[in-house]
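Chemist: quick check, what structure comes out for this input:
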Amino acid sequence: MKEIFLALFSGLLVGILFKFLKLPLPAPPVFSAVVGVFGVYFGGVVAEYLRAFFS
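Modeler: Residues are numbered from 1 along each chain as shown. Sure, this is the predicted structure:
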C-alpha cells in the first residue's frame, strides 16, 4: 500500500512540475492509452498465475 501512495505522490509532483515548466505531460493523453497500459500489466500478472498453476 505504501508503494501506491508513493507512486501517486510522485505522479502528482511530476504533473505539477511539468505544468509549471509549461512542458507536455509525460503520460498518455487519452483514457484508452491508460487502459492499454493496465492491460499490459494485467496480462503479465495473469501469465505469472498461469505459469504457477500449470507447473
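Chemist: and the longest helix for this structure?
Modeler: Longest helix in the chain, counting residues (DSSP state H): helix 31-54.
Chemist: from the chain's centroid, how far away is that helix?
Modeler: Here the centre of helix 31-54 is set off from its chain's centre by 12 Å, with C-alpha atoms, centre = their mean, to the nearest Å.
Chemist: residues making contact with that helix?
Modeler: Residues from elsewhere that reach helix 31-54 (C-beta atoms under 8 Å, 6 or more residues apart in numbering): 27-28. Just so you know, the C-beta spots here come from the backbone N, C-alpha and C atoms, and that holds for glycine as well.
Chemist: what's around Lys2, how many residues?
Modeler: 6 (other C-beta atoms under 10 Å).
Chemist: and for the one 5 residues further on?
Modeler: Counted with other C-beta under 10 Å, residues neighbouring Ala7 total 10.
Chemist: then Leu25?
Modeler: Around Leu25 there are 10 residues (other C-beta under 10 Å).
Chemist: same question, Gly15
Modeler: Neighbours of Gly15 using other C-beta under 10 Å come to 13.
Chemist: got the contact list for Pro24?
Modeler: Phe18.
Chemist: against Ile4, how distant is it?
Modeler: Pro24 is 25 Å from Ile4, where distance means C-beta to C-beta, to the nearest Å.
Chemist: how about the secondary structure of Leu25?
Modeler: coil (DSSP: H, G, I helix; E, B strand; the rest coil).
Chemist: Gly15 is in contact with that one, correct?
Modeler: Yes: counting by C-beta atoms under 8 Å, Leu25 touches Gly15, with 6.3 Å between them.
Chemist: okay, Phe18: pLDDT?
Modeler: Listed pLDDT for Phe18 reads 89.
Chemist: same check on the one 3 residues further on?
Modeler: In this prediction, Leu21 carries a pLDDT score of 94.
Chemist: what is the neighbour count of Leu12?
Modeler: Leu12 has 10 nearby residues by other C-beta under 10 Å.
Chemist: actually Ala27, not the one I wrote
Modeler: With other C-beta under 10 Å as criterion, Ala27 counts 13.
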